[in-house]
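**Student:** below are the sequence and a predicted model; questions follow.
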Amino acid sequence: MVRGRVSPEPDGGSTEKLNLLGRLGRGAARRKWWVLGAWVLALVAIGIGSSASGGGLRDTFAIPGTDSQKAVDLLARRFPEQNLPTASVVFSSRTGPLPDALVTDAAAAVSKLSDVASVSKPRVSTDGATALLTVRYSVPYSELPKNAFEALAAATRSAQTGNVHVGYGGPVVDLLNQQSSMSDHSDEIGLVVALVIMIVSFGSVIAALLPLVIAILGVGAATGLLNLFSGVFTIGTIAPILGAMIGLGVGIDYSLFIVTRYRQNRADGLAIGPAVSRAIATAGSAVLFAGVTVCIALLGLTLAGVPYVSMLGVSASLFVAVMVIAALTLLPALIAIAGKRISPKDTADGRFWRDWAREIAKRPWLCLMTSLIILLVLAAPAFKMQLGFADDGNDPKSLTQRKAYDAIAKGFGAGANGALLLTVNLPTPTATNERSDLALVETLVARVQRQPGVAAVTGPIPNARFDAAVVIVQPTGAPNARSTQKLVRTLRDTTIPEATKGTTIEGAVNVGGQTAELIDLTDRINSRLLICIGFVVLGAFVLLLIVFRSILVPLKAAVMNLLSIGAAYGVLVAVFQWGWGRGLIGLEAEVPIAAFVPLIMFAILFGLSMDYEVFLLSRIREEFLRTGDNRESVAAGVAATARVISSAALIMISVFLSFVASDQPVVKMLGLGLAVAVAVDATIVRLVLVPATMELLGNANWWFPKWLDRIVPHLDVDAPATRPDSDSGLPPDPVAASAPR
């Protein structure tokens, strides 16, 4: 924080000494049109590069070292046609057996489509009312034409009659139809609500529009970069949704804090240029540190050991990084362009909030215990959380994937939607062992058929060289049923080892398929969850320790953030797992908590919680450095930031809740969970717990031993940091100190 008297210069400048960020803001304001032009050129270049990259988003759950991944790798080497994309076409009659000609004609039409390698022989249910075609494509997911689903539907449209329904499922349909369903208007709804909140908060349309413009341009730039990178990296289909969700939230928040500080500076009598530079030097520092904290938290997902989840963390951190850059460069230029059209009204009339903080300080124990009870009650259901995965059976009944799922389950059993794939690495074939090794697989098949939980077994199906084979196992239960998970583990741990012991295929059989991959994904995340949490908490603790030169402040922040995240977990379990109030969010049935959702939520929420912590504590510390009075510093900090934090939280909640309207259960989980956590964090934690605990801890909040101060680096971006005179942590010359440090 830069302090000292300001003497205006003739050109509207100031003799005030600025840190690096302040000089960046001053330069952006003075060269506003150059900065705006550079951003426009960058957006155009990103757009052109994104369009020409030829990349595509796809969900590939590679899990290195797992049994299912070994199955995938074997198929890629020796049986690549079994690894190619597939789609399912389901015909279901309402009045009796299906006409044979209807199904065969549809199969013939599909086989003529470009990029279709084969169409299976129709599988017909015992009553003849359901038929299933499996369509296998000749190119990998990344090379599928964007209209592949539409072409498939058009080829089978003639089979759709008043008595016959045609449904579509499988990975290809999940991918292409999911991408088309992402074109809903949830983000637009969130932006409209955000604009209304900012107009009410600012009382100025121009001031309210600036954060919105920054958020939209930032999301556009980050989305273009993500599409550009998808030509090189495998990026999941949920990545742009998650990135937009976080990007819109933090982009609006970061801009909101800077614009608010700018207007306060103008109300204090500063000219436009100095007001911009001081806003970037102060609120901009908080934005930078908050953004770094969010990125550290998101990058902690790389420790999950799952490339899909790791890339979600990297993708989301890309959106945050772009938003920080936009807030520190483009925003000061736009503020300077708007000029006097942004009124210098002081939006931080904090009398109410100052009185609020003082009332908290009078009864800190009561406020502390009440807040803890509320948070623990909300978090209680989290202890019953059961991680799993959602499948097409959890989609809305209006989607064709759900209709196909239900028809397949009705005609062939629930397990037909999640068949397991046993892959066998056969010894190099010779004249003497070609058939004998395959006979060993047939013995294994007979053993698997007798296994409880198995409905049917197909195969073995050898490849052309007879050095690999696959066996298709249909469980009795649905893909995400407990019985299916138990079957996978029994096959791996008992059935297969016992049936192949002492033979040439011992250790050469793996259980794969999409269902097995999702089970392995759940297990992997369960095993890495504590490691990821530990990394995120430790990284944020160290950063806050460096920034605030305190031990108790970052420790307290970590504990409080864990409480707010626990409350969000508890609400998710109650709504999605137990079904409480599920109809309010358009959920038709209970849904398992997707394995990667708690991990992603933790990384996002811990980072976002630190946003508010940095903004609030930087103002409290600023006042404490100036006055040395802990109670009044807390009151002044709350008074200066409570209104803007509340507005920012309302905007963030609105953006997150808008994504609850999505058809995808996982997106609903993320939207609701993030909204609940932000609401809890911005109210109970920031406005009650923080003032109460800081009152109870007193000056110990800022205790920082001399020996640690010598070791820990200073993050001042201008003059050398002021050193404390003693272990009390009080600086000898607060006016000369730069904060946040």
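**Tutor:** Looks like it came in fine. If you're wondering where the values come from, they're calculated on a predicted model, not measured in any experiment. Numbering: from 1, shown residues only.
**Student:** alpha carbons only for contacts and neighbour counts from here, please
**Tutor:** Will do.
**Student:** strands of this protein, start to end?
**Tutor:** Assigned strands in the chain, in chain order: 86-93, 116-119, 123-124, 130-137, 164-169, 387-388, 420-425, 454-462, 468-475, 509-512, 593-594 (criterion: DSSP state E).
**Student:** compare those and say which comes out lowest on pLDDT.
**Tutor:** Least confident of the strands of the chain, judged by mean pLDDT, is strand 387-388 with a mean of 80.
**Student:** what's that strand in contact with?
**Tutor:** With Cα atoms under 8 Å, 6 or more residues apart in numbering as the contact definition, strand 387-388 has outside contacts at 480, 519, 522, 592, 593, 594, 595.
**Student:** the last one is in contact with residue 520, isn't it?
**Tutor:** No: contact status for residue 595 versus residue 520: not in contact, 10.2 Å apart, counting by Cα atoms under 8 Å.
**Student:** pLDDT weak spots in this structure?
**Tutor:** Within the chain, the segments meeting pLDDT under 70 span 1-18, 54-59, 61, 177-188, 190, 345-350, 429-436, 715-741.
**Student:** show me the longest helix that occurs in it.
**Tutor:** Longest helix in the chain, counting residues (DSSP state H): helix 514-548.
**Student:** specify the angle between that one and strand 420-425 in degrees.
**Tutor:** 90 degrees (axes from the mean of the first three to the mean of the last three Cα atoms, to 10 degrees).
**Student:** now helix 514-548: buried residues?
**Tutor:** Within helix 514-548, the residues that count as buried by 16 or more other Cα atoms under 10 Å are 514-522, 524-526, 528-529, 532-533, 535-541, 543-548.
**Student:** report the central residue of this structure.
**Tutor:** With the centre of the chain defined as its mean C-alpha position, the nearest residue by Cα atoms, centre = their mean is residue 242, 4.4 Å away.
**Student:** so who does that residue touch?
**Tutor:** When the contact criterion is Cα under 8 Å, 6+ apart, the partners of residue 242 are 312, 316, 667.
**Student:** what would those look like in TSV with neighbour count and distance to residue 47?
**Tutor:** Output for the contacts of residue 242, formatted as TSV (neighbours: other Cα atoms under 10 Å; distance: Cα to Cα, whole Å):
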residue	neighbour count	distance to residue 47
312	24	21
316	27	19
667	20	26
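**Student:** so which of those residues belong to helices?
**Tutor:** Reading helices off these with DSSP H, I get 312, 316, 667.
**Student:** contacts only, for the last one.
**Tutor:** Applying Cα under 8 Å, 6+ apart, we find residue 667 in contact with 238, 241, 242, 659, 660.
**Student:** format the strands of the chain as TSV; extra columns: mean neighbour count.
**Tutor:** Formatted as TSV, the strands of the chain follow (neighbours: other Cα atoms under 10 Å):
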stretch	mean neighbour count
strand 86-93	24
strand 116-119	18
strand 123-124	18
strand 130-137	23
strand 164-169	22
strand 387-388	20
strand 420-425	24
strand 454-462	17
strand 468-475	25
strand 509-512	26
strand 593-594	21
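**Student:** and the protein, what are its domain boundaries?
**Tutor:** The chain breaks down into these domains under automatic domain parsing: 18-52+184-347, 85-181, 350-398+555-741, 420-512.
**Student:** looking at those domains, which is buried most?
**Tutor:** Comparing those by mean neighbour count (mean count of other Cα atoms under 10 Å), domain 18-52+184-347 ranks first with a mean of 22.
**Student:** tell me the contacts of residue 204?
**Tutor:** Going by Cα under 8 Å, 6+ apart, residue 204 touches 342, 343.
**Student:** try it again at 10 Å.
**Tutor:** The contact partners of residue 204, taken as Cα atoms under 10 Å, 6 or more residues apart in numbering, are 198, 341, 342, 343, 345.
**Student:** distance to residue 91 added to these, as TSV?
**Tutor:** Shown next, in TSV, are the contacts of residue 204 (distance: Cα to Cα, whole Å):
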residue	distance to residue 91
198	52
341	63
342	62
343	64
345	65
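**Student:** inside helices: which ones of those?
**Tutor:** residue 198.
**Student:** which two in the contacts of residue 204 are spaced the farthest apart?
**Tutor:** Spatially, the most separated pair among those is 198 and 341, at 15.8 Å (Cα to Cα).
**Student:** and the ones in helices among the contacts of residue 242, which is closest to residue 464?
**Tutor:** Minimum distance to residue 464 across these is 38.2 Å, recorded for residue 312 (Cα to Cα).
**Student:** so that closest one is in contact with residue 246, correct?
**Tutor:** No: contact between residue 312 and residue 246 fails when scored by Cα atoms under 10 Å: they sit 11.7 Å apart.
**Student:** how about the nearest residue to residue 78 once chain neighbours are set aside: which residues does it bridge to?
**Tutor:** Excluding its sequence neighbours, the residue lying closest to residue 78 (Cα to Cα, 6 or more residues apart in numbering) is residue 468, at 6.4 Å. On the basis of DSSP bridges, residue 468 is bridged to residue 425.
**Student:** so residue 468 makes contact with residue 510?
**Tutor:** No: Residue 468 is beyond contact range of residue 510, at 11.6 Å (criterion: Cα under 10 Å).
**Student:** got any residues that touch both of those two?
**Tutor:** 74, 423, 424, 425.
**Student:** if we only consider those residues, which is nearest to residue 110?
**Tutor:** Nearest to residue 110 among the shared contacts of residue 468 and residue 510 is residue 423, at 28.0 Å by Cα to Cα.
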